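Participant: Any chance you can model this:
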Amino acid sequence: MARKHKPEEIIGKLREAEIVLAQGGTVADACRRIGVTEQSYYRWRKEYGGLKMDQARRMKDLERENARLRQAVSDLTLDKMILQEAARGNY
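Facilitator: Numbering: from 1, shown residues only. This next block holds a predicted model:
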């Protein structure tokens, strides 16, 4: 069962993994310690590596806002196309 982690949790786990790696542990050791697969670790590191918690939170907020705006543009474009068809009498 997949568990959705919050950005703050991910950054905390990445920091914990960095400690294991700095102490000479392997990536596999670090992943066992933080309780995720290596695939998740590398995906998280790619997405959140180097971010502070407030930056990660802001990034996720912006991603949600971007998705909302894309949906609004899509809805408005569809409405415009329907109105254009109706104006031409092609309904």
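Participant: Buried ones in stretch 67-83, by neighbour count?
Facilitator: Judged by neighbour count (16 or more other C-beta atoms under 10 Å), stretch 67-83 contains no buried residues. C-beta here means a position set from N, CA and C on the backbone, and glycine is covered the same way.
Participant: Return it as PDB; C-alpha atoms alone will do.
Facilitator: Listed next in PDB are the C-alpha coordinates belonging to stretch 67-83 (Å, rounded to 0.1, in the frame of the first residue of the first chain):
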ATOM      1  CA  ALA A  67      -2.900  22.700 -12.100                       C
ATOM      2  CA  ARG A  68      -5.900  24.700 -11.000                       C
ATOM      3  CA  LEU A  69      -5.100  27.500 -13.600                       C
ATOM      4  CA  ARG A  70      -4.500  24.900 -16.300                       C
ATOM      5  CA  GLN A  71      -7.900  23.400 -15.700                       C
ATOM      6  CA  ALA A  72      -9.500  26.900 -15.700                       C
ATOM      7  CA  VAL A  73      -7.900  27.700 -19.100                       C
ATOM      8  CA  SER A  74      -9.100  24.300 -20.400                       C
ATOM      9  CA  ASP A  75     -12.600  24.900 -19.300                       C
ATOM     10  CA  LEU A  76     -12.700  28.400 -20.800                       C
ATOM     11  CA  THR A  77     -11.300  27.200 -24.100                       C
ATOM     12  CA  LEU A  78     -14.000  24.600 -24.300                       C
ATOM     13  CA  ASP A  79     -16.700  27.100 -23.500                       C
ATOM     14  CA  LYS A  80     -15.300  29.500 -26.200                       C
ATOM     15  CA  MET A  81     -15.400  26.700 -28.800                       C
ATOM     16  CA  ILE A  82     -18.900  25.800 -27.900                       C
ATOM     17  CA  LEU A  83     -20.000  29.400 -28.100                       C
END
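Participant: Residue ranges in the protein under the pLDDT threshold?
Facilitator: 1-2, 90-91 (pLDDT under 70).
Participant: Okay, and the spatially most central residue of it sits in which element?
Facilitator: Central residue of the chain (C-alpha atoms, centre = their mean): Lys60, 6.3 Å from the mean position. Using DSSP states H and E, Lys60 maps to helix 53-88.
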